[in-house]
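Undergrad: I'd like to go over a predicted model; first the sequence, then the structure.
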Amino acid sequence: MAIGRYEANAEEFIDQLVRLHRARWAGQGVLTDLAQAFHRQVLPRLAANDLARCWLIEIGGAVVGAYYGFHHRGRAYAYLGGFDPAYAEESPGAILIGRAIAEAAREGAREFDFLRGRESYKYGWGAVDRWTAQRVWIRSLPP
């Protein structure tokens, strides 16, 4: 088993992430063609500014898991991942999240944010819900 960082090779990383995310979510994931194009364009900039965290895990020479996250101002953000369902028993997603949490702590992160979504695996890592709200104030124009 090998885990490596891939910020420097954005194209290869996005290719693997798309493949694994689609495999995990049976084609129902969030990586539309537009989203892929966006990430292919911005990932090199994020990496150049040390904001992106891209990890791939290999088992037996096959890439079986991907983790895409961010780190900024003492916070780590788990954005997106995927894994090959054929390797579900080896838990490549959990291994990658564990690595991401450990590396975030090593880099000084005070918080690891799983972002939105109430997927059960997040609570296994100790996540707690934090609700956000938005208020919009509209000033009425005089008649």
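TA: The structure has been received and is ready for your questions.

Undergrad: residue ranges of the helices in the chain, please?
TA: Along the chain, counting by DSSP state H, helices occupy 10-24, 33-48, 92-106, 120-124.

Undergrad: Leu56 is nearest to which of the ones you listed?
TA: Nearest of those to Leu56, taken as C-beta to C-beta: helix 10-24 at 5.7 Å. The way it works is simple: take the backbone N, C-alpha and C, and place the C-beta from them, glycine included.

Undergrad: what's the average pLDDT for that closest one?
TA: Throughout helix 10-24, pLDDT has a mean value of 90.

Undergrad: can you check stretch 130-138 too?
TA: For stretch 130-138, the mean confidence score works out to 79.

Undergrad: sorry, back to before: columns mean neighbour count on top of the helices of the chain, output as a markdown table?
TA: Formatted as a markdown table, those follow (neighbours: other C-beta atoms under 10 Å):
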| stretch | mean neighbour count |
| --- | --- |
| helix 10-24 | 19 |
| helix 33-48 | 14 |
| helix 92-106 | 18 |
| helix 120-124 | 12 |
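
Undergrad: For Met1, find the nearest of those helices.
TA: Closest among those, using C-beta to C-beta: helix 92-106, at 7.8 Å.

Undergrad: Does anything pack onto the closest one? Which helices or strands?
TA: strand 2-5, strand 52-59, strand 62-72, strand 75-83, strand 111-113, helix 120-124 (3 or more C-beta pairs under 8 Å, 6 or more residues apart in numbering; DSSP states H and E).

Undergrad: The third one pairs with which strands, parallel or anti?
TA: It refers to strand 62-72. Taking DSSP bridges as the criterion, strand 62-72 sits next to strand 52-59 (antiparallel), strand 75-83 (antiparallel) in its sheet.

Undergrad: Give the buried residues for it.
TA: 63-71 (16 or more other C-beta atoms under 10 Å).

Undergrad: Export only the CA atoms of it, formatted as CSV.
TA: Output of strand 62-72 as CSV, limited to C-alpha atoms (Å, rounded to 0.1, in the frame of the first residue of the first chain):
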residue,chain,number,x,y,z
ALA,A,62,-3.7,0.0,-8.5
VAL,A,63,-5.0,3.5,-7.5
VAL,A,64,-8.0,2.7,-5.4
GLY,A,65,-8.8,5.9,-3.5
ALA,A,66,-8.6,9.7,-3.8
TYR,A,67,-8.9,12.5,-1.4
TYR,A,68,-9.3,16.2,-2.4
GLY,A,69,-9.2,18.8,0.4
PHE,A,70,-7.9,22.2,1.3
HIS,A,71,-5.9,23.8,4.1
HIS,A,72,-6.1,27.5,5.0
